[in-house]
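Visitor: Structure, please.
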Amino acid sequence: MNINFPRARIKALTWQTWMGQWAELIQSGMPVLDALTLSTELQGSNKQSRLLQARLMRTTEFLQQGQSLQTAFRAACGTLPLPLEVALLCAQANGDLGGSVNEQLHRWKVTSEASQALGRSLIYPGVVLLLAIACWVFLHQVSSPHLATTHTNQTASSSFSDGLLLLGAGLLLAAGVSKAMKAQTHTTEQHWMPHKAWLASNFYHVIACELQAGLDLMHCLRFRVMPPSSWSNLLTQEAKTTLNLNQMMTLVQRHLKQGMNLAQAMQQAKAPSFLVRQSQLAEQTGNLAYCFFLASKVYEIQARDAQRKLQSVLPPLALGIAALTLAMAYQFTLAPLYGNLTGLS
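Guide: The predicted model follows:
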């Protein structure tokens with residue numbers, strides 16, 4: 001009995017490194033098959049590189065047997081990274097494989113780096129906040145035995161300062177909740193979290209590339225699975241965003257089959273207003289791909305704007321919470337301990 005084990009996953013960085021090498025060799029004038037062979041030999045000796053090298057060698061064998069690029073890659077690698085699949089599709093239409101691979105690789109790197117930039121900006125404030133919490137826990141462990149043996153009533157001044165600290169913590173929490181609620185009450189066309197906007201941008205970009213490659217509109221609006229983020233806690237939100245986008249495209253398909261034009265179908269599917277307007281223009285000019293390229297660009301702008309705002313707010317907020325944590329740690333541990341030891345309480 002044959003048992004099919006799941007394929008080992010190749011990381012995005014490994015794919016990106018190889019795609020850059022392959023595209024550079026092709027654009028230097030080397031034939032596609034020779035460039036693929038040489039780029040396979042250029043892979044490193046680590047586990048990921050060896051895994052990719054084995055799959056590329058199988059791809060070379062399929063190409064030598066006369067299969068097309070898309071068929072060979074899918075047979076050897078199974079599920080391809082979406083940027084590589086789109087690049088092969090575009091190259092089939094425009095004949096420029098090196099340029100298509102470079103273009104999709106550039107977008108892949110831009111979106112990946114932008115998605116990781118917010119997390120990198122929170123590393124230092126997050127470390128400071130964790131150290132502040134650890135300091136509070138340590139001080140509590142040190143001071144609790146002394147406070148238990150000499151437990152006294154707090155003075156009016158200490159009660160007042162405790163109240164001020166608690167009030168400050170409450171105001172800080174209320175400000176954060178208010179900021180989040182205001183952001184969520186924006187129009188439905190505005191994606192507040194940048195990872196959602198990047199996902200929508202990539203979704204429309206793939207549709208535009210397929211239309212530009214000459215695929216039928218109904219085929220381009222099919223259900224598609226977008227590559228997940230590296231942030232595991234955002235996978236559920238990304239799946240929901242992808243599902244909403246796919247449901248909207250399914251409604252557009254249904255209305256098109258009923259005889260509506262693209263603009264009417266978009267409007268009935270409750271697409272963003274700018275997408276409805278561009279659909280009308282696309283039908284007049286016959287350039288449907290431009291409509292979805294523009295949608296991709298709009299969401300890219302929204303993603304960058306949302307990311308810029310979060311990067312300007314979250315790090316100072318985290319540092320403020322860390323400072324408040326240290327103040328509360330002093331008020332509820334060191335201050336009572338000092339008062340008990342000196343007999344001032």
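Visitor: ranges for the helices of the stretch 101-250 of the chain?
Guide: 123-149, 156-184, 194-212, 217-220, 235-257 (DSSP state H, counting those that start in this stretch).
Visitor: averaging pLDDT over each of the ones you listed, which comes out lowest?
Guide: In terms of average pLDDT, helix 156-184 trails the rest of these, at a mean of 55.
Visitor: looking at this protein, which helix or strand does the model trust least?
Guide: One helix or strand of the chain scores below all others by mean pLDDT, DSSP states H and E: helix 156-184, with a mean of 55.
Visitor: secondary structure element for the residue nearest to Leu25 when sequence neighbours are not counted?
Guide: Nearest-residue entry for Leu25: Ala35, 3.7 Å, with adjacent residues in sequence omitted and distances by CB to CB, 6 or more residues apart in numbering. Every residue, glycine included, has its C-beta placed from N, CA and C. For Ala35, the element it lies in under DSSP states H and E is helix 32-41.
Visitor: Using PDB, list the CA coordinates for that helix.
Guide: The C-alpha coordinates for helix 32-41 follow below in PDB (Å, rounded to 0.1, in the frame of the first residue of the first chain):
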ATOM      1  CA  VAL A  32      15.600  29.200 -19.300                       C
ATOM      2  CA  LEU A  33      16.600  25.500 -18.800                       C
ATOM      3  CA  ASP A  34      20.300  26.400 -18.400                       C
ATOM      4  CA  ALA A  35      19.400  29.200 -15.900                       C
ATOM      5  CA  LEU A  36      17.300  26.800 -13.900                       C
ATOM      6  CA  THR A  37      20.100  24.200 -13.800                       C
ATOM      7  CA  LEU A  38      22.700  26.700 -12.800                       C
ATOM      8  CA  SER A  39      20.500  28.400 -10.200                       C
ATOM      9  CA  THR A  40      19.800  24.900  -8.700                       C
ATOM     10  CA  GLU A  41      23.600  24.300  -8.400                       C
END
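Visitor: Run the chain-centre distance for it.
Guide: The chain centre lies 31 Å from the centre of helix 32-41; the measure is CA atoms, centre = their mean, to the nearest Å.
Visitor: Would you list the phi and psi of Leu122?
Guide: Dihedral pair for Leu122: phi -100, psi 0, per degrees, to the nearest 10.
Visitor: where does it land on pLDDT?
Guide: pLDDT at Leu122 comes out at 73.
Visitor: so how far is Cys90 from it?
Guide: 36 Å (CB to CB, to the nearest Å).
Visitor: The stretch 201-345 of the chain: strands as residue ranges?
Guide: For the stretch 201-345 of the chain, applying DSSP state E, counting those that start in this stretch gives no strands.
Visitor: Low-confidence regions, it specifically.
Guide: For the stretch 201-345 of the chain, the stretches with pLDDT under 70 are 225-238, 334-345.
Visitor: Can you report how many residues lie near Tyr290?
Guide: 16 (other CB atoms under 10 Å).
Visitor: who are the neighbours in contact with it?
Guide: 208, 278, 282 (CB atoms under 8 Å, 6 or more residues apart in numbering).
Visitor: Could you list every helix and strand in contact with the strand or helix carrying Gln48?
Guide: Under the criterion of DSSP H and E, Gln48 resides in helix 47-64. In this structure, helix 47-64 makes packing contacts with helix 12-27, helix 32-41, helix 69-77, judged by 3 or more CB pairs under 8 Å, 6 or more residues apart in numbering; DSSP states H and E.
Visitor: circling back: contacts only, for the residue nearest to Leu25.
Guide: With CB under 8 Å, 6+ apart, Ala35 has these contacts: 22, 25-26.
Visitor: What's the separation between it and Leu69?
Guide: On the measure of CB to CB, Ala35 and Leu69 end up 12 Å apart.
Visitor: now Glu61, nearest residue through space, not along the chain?
Guide: Ala76 (7.8 Å).
Visitor: Near the one you found, how many other residues are there?
Guide: 19.
Visitor: you'd agree it is up against Leu52?
Guide: No. Look at Ala76 against Leu52 with CB atoms under 8 Å: they stay out of range, at 10.6 Å.
Visitor: re the thing from before, in the helix holding Ala35, what's buried?
Guide: Neighbour-count burial for helix 32-41, counted by 16 or more other CB atoms under 10 Å, picks out 35-37, 39-40.
Visitor: pLDDT averaged over it - what is it?
Guide: 91.
Visitor: could you list every residue that touches Ala208?
Guide: So Ala208 contacts 289-293, 295-296 (CB under 8 Å, 6+ apart).
Visitor: Return the subset of these lying in helices.
Guide: Among the contacts of Ala208, DSSP state H puts 289-293, 295-296 in helices.
Visitor: And the pLDDT for Ser28?
Guide: Ser28 is given a pLDDT of 91.
Visitor: Roughly how far does it sit from Ala263?
Guide: Counting by CB to CB, the gap from Ser28 to Ala263 is 45 Å.
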